[in-house]
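# Got a predicted structure plus its sequence, pasted below:
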Amino acid sequence: MNNRLQHSIDKQKRTRSRGISEDVSSQVLGASQIREQHCGLLLRLIWREKLISRAELARRTGLSRSSISAIVSDLLETGLVSETGTGYSSGGRKPIMLGFDDDAFAIVGVDMGATRIAVAVTDLRAQVKTWRCEFCDVRDEPEKALELMCKLIDDALEEANVEQGRLLGIGVSVPSPVRPDEPTSLSPVFLPKWKGISPVERLEAAYGVPVGMDNDANVGALAEQWWGEGRDGQDLAYIKVATGVGAGLVIHGDIYRGTAGIAGEIGHIPVDATAGRCVCGLDGCLNLRMGTEALVKRVHSLRGEYPNSSLPQRALSISRIVEEAFEGDRLARVVVEEAGHHLATGVAALLSLFNPAKVVFGGSLTRAGELLLRPLRETLVERSPSASLTQSQLVISSLGVEAPTRGAATLLLRAALDDSTLFPLLQAKNTQVTAT
Ligand SMILES: [Zn+2]
């Protein structure tokens, strides 16, 4: 991960762990750091409110009008903020309103799956401008995957007309745990062919911008927290059901990642010792009953009992199983129902351990909606404490197929709103202040 991005994340953690507010901590900082903090504070407020006057900024932050004037003038020069007409006044001159320009910079979000790569160029509210997706054997062909990733990024940036210097950074979602102390590396257990190859380092070298990376379930949870079911601020668990199953946890407003970055790996809870050996080295993991490979195998093993099934013999995908289940295909329905019952084991564990307000399901299989949730609920009733089950809402994500790329872009957006010096032009402004 880019050094400044890592530094910025470390700084946020230190501030949070000490429990000190920005205003109090600024008392022991130098002039440039105070300036940085005030600039970040104003930028976040303008971003959140979308339209706000200088007087209102002063009222909300307690900063002097002259400090606000100087910082706003810098923000206007960077293009992040613009003056957009006048606001309401109960008497006297109408205030000039400041608006945040979501298109001032672009962010690239990359969703690196086990078998495909999707790339989006987004604005500063993670709204997708252009989106690209291609299949590729990501797990076993790292060099090809990186080549394809760069090609998709180049194409998407070109189509979105992103000017030189206007790319804020790149966020990458990966099908691997990411250790907090090794933020640029993938897990050698889950992606052995990627040993010594870091998507973060490659993308930084290719594009010269900050690159952040996190596990796909954590990125999904972040997308829900900012743009989906978690916007109300409640604790949530996001469960991604794709090639494997994993959960991202939002606790007290933060993604909970665990000491080694493997918090929420519910796909590796042992559920059935007869299911064989998992890639993680354990026997009978949930992934061996729930993952894409397992479901395709299950279709083939049950095919004899359902001779009229429309499911194809070859190139069978989860999307096709879901489609046929909706069409009423008995075999497809049985496999989706079984998956729902298996998934309940992982969800029951989460409910008992974390008791989240919401459990949000995303990923290809969850497009089956109630066909998956109904059997899941049936089994959950038998396996989880009734108090946690009745209080937790189970919902399917409404963010759609672009959600992982939006979440990946949000990794960078979050970092830049926490540390405004990640915006290239603001970094220069703050440096000028230090020099004078
Ligand atoms: Zn496992």
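Looks like it came in fine.
# May I have the residues that are in contact with the closest residue to E159 other than its chain neighbours?
Counting by CB to CB, 6 or more residues apart in numbering, E159 lies nearest to T130, which is 4.5 Å off, once chain neighbours are set aside. C-beta here means a position set from N, CA and C on the backbone, and glycine is covered the same way. Neighbouring residues of T130 by CB atoms under 8 Å, 6 or more residues apart in numbering: A120, V121, A156, E159, A160.
# out of the residues you listed, which are buried?
Among the contacts of T130, those scoring as buried are A120, V121, A156, A160 (criterion: 16 or more other CB atoms under 10 Å).
# Can you check the pLDDT for the last one?
pLDDT, the model's per-residue confidence, is 97 for A160.
# right, and it touches V128 too?
No: in this structure, A160 is not within contact of V128 by CB atoms under 8 Å, at 9.5 Å.
# which neighbours do the two share?
Joint contacts of A160 and V128 (CB under 8 Å, 6+ apart) are V121.
# Assumed I170 was part of a strand.
Yes: using DSSP: H, G, I helix; E, B strand; the rest coil, the assignment for I170 is a strand.
# in the chain, which spans are strands?
Under the criterion DSSP state E, the chain carries strands at the ranges 51-53, 81-86, 96-100, 106-112, 116-122, 128-135, 167-174, 211-215, 236-241, 245-251, 254-256, 358-362, 393-396.
# deepest of those strands, which one?
strand 236-241 (a mean of 29; mean count of other CB atoms under 10 Å).
# Within its sheet, name the partner strands of it and how each one runs.
Within its sheet, and counting by DSSP bridges, strand 236-241 is paired with strand 245-251 (antiparallel), strand 358-362 (parallel).
# Output the below-cut-off pLDDT ranges for the stretch 251-400 of the chain.
Along the stretch 251-400 of the chain, segments meeting pLDDT under 70 span 387-388.
# could you redo the last one with a cut-off of 80?
Residues of the stretch 251-400 of the chain that meet the criterion pLDDT under 80 lie in 384-391.
# Flag every residue of it that's near the ion.
Counting by CB under 5 Å from the ion, the stretch 251-400 of the chain comes close to the ion at H268, C278, C280, L282, C285.
# Pull out the buried residues from these.
Neighbour-count burial (16+ other CB under 10 Å) applied to those gives H268, C278, C280, C285.
# The last one and A273 touch, don't they?
Right, C285. No: applying CB under 8 Å as the test, C285 and A273 come out as separate, 10.3 Å apart.
# Check the burial of the closest residue to G248 other than its chain neighbours by counting its neighbours.
Among residues not flanking G248 along the chain, A221 sits closest, at 2.9 Å (CB to CB, 6+ apart). Per other CB atoms under 10 Å, the neighbour tally for A221 reads 31.
# doesn't L249 make contact with A221?
Yes: with contacts counted by CB under 8 Å, A221 reaches L249, the gap being 6.5 Å.
# shared neighbours of the two, which are they?
Counting by CB under 8 Å, 6+ apart, the residues touching both A221 and L249 are L236, A237, Y238, I255.
# between the longest helix along the chain and strand 236-241, how big is the angle?
The residue-count maximum for a helix in the chain (DSSP state H) belongs to helix 330-354. Calculated by axes from the mean of the first three to the mean of the last three CA atoms, to 10 degrees, helix 330-354 forms an angle of 150 degrees with strand 236-241.
# Could you give me the buried positions within helix 330-354?
Using 16+ other CB under 10 Å as the test for burial, helix 330-354 gives 331-351, 354.
# Figure out the length between the terminal residues of stretch 188-198.
With CA to CA, to the nearest Å applied, stretch 188-198 spans 11 Å between its terminal residues.
# Between the contacts of T130, which sits nearest the ion?
Distance to the ion, by CB to the ion, is smallest for A120 among these, at 30.0 Å.
# got the contact list for the closest residue to that closest one other than its chain neighbours?
Among residues not flanking A120 along the chain, T405 sits closest, at 3.6 Å (CB to CB, 6+ apart). Neighbouring residues of T405 by CB under 8 Å, 6+ apart: G109, V110, D111, A118, V119, A120, T122, V128, W131, S173.
# Need the pLDDT of T405.
97.
# Tell me how far it lies from the ion.
Separation of T405 from the ion (CB to the ion, to the nearest Å): 27 Å.
# Who is K358 paired with across the strands?
Beta-bridge partners, per DSSP bridges, of K358: L236, Q393.
# For the ion, what's its nearest residue on the stretch 101-250 of the chain.
For the stretch 101-250 of the chain, CB to the ion, closest residue to the ion: G244, 8.4 Å.
# okay, now that residue: neighbour count?
By other CB under 10 Å, the residues close to G244 number 28.
# In stretch 146-158, which residues are buried?
L146, L148, M149, L152, I153, A156, L157.
# swap that for stretch 272-287, please
A275, C278, V279, C280, G284, C285, L286, N287.
# Could you measure from the most centrally placed residue in the chain over to R179?
Centroid-nearest residue in the chain, with CA atoms, centre = their mean: V219, separated by 2.4 Å. For V219, the distance to R179 equals 16 Å [CB to CB, to the nearest Å].
# same deal with S384?
Taking CB to CB, one finds S384 at 30 Å from R179.
# And the two? Which one has more around it.
Using other CB under 10 Å, the more surrounded residue of S384 and R179 is S384, with 20 against 17.
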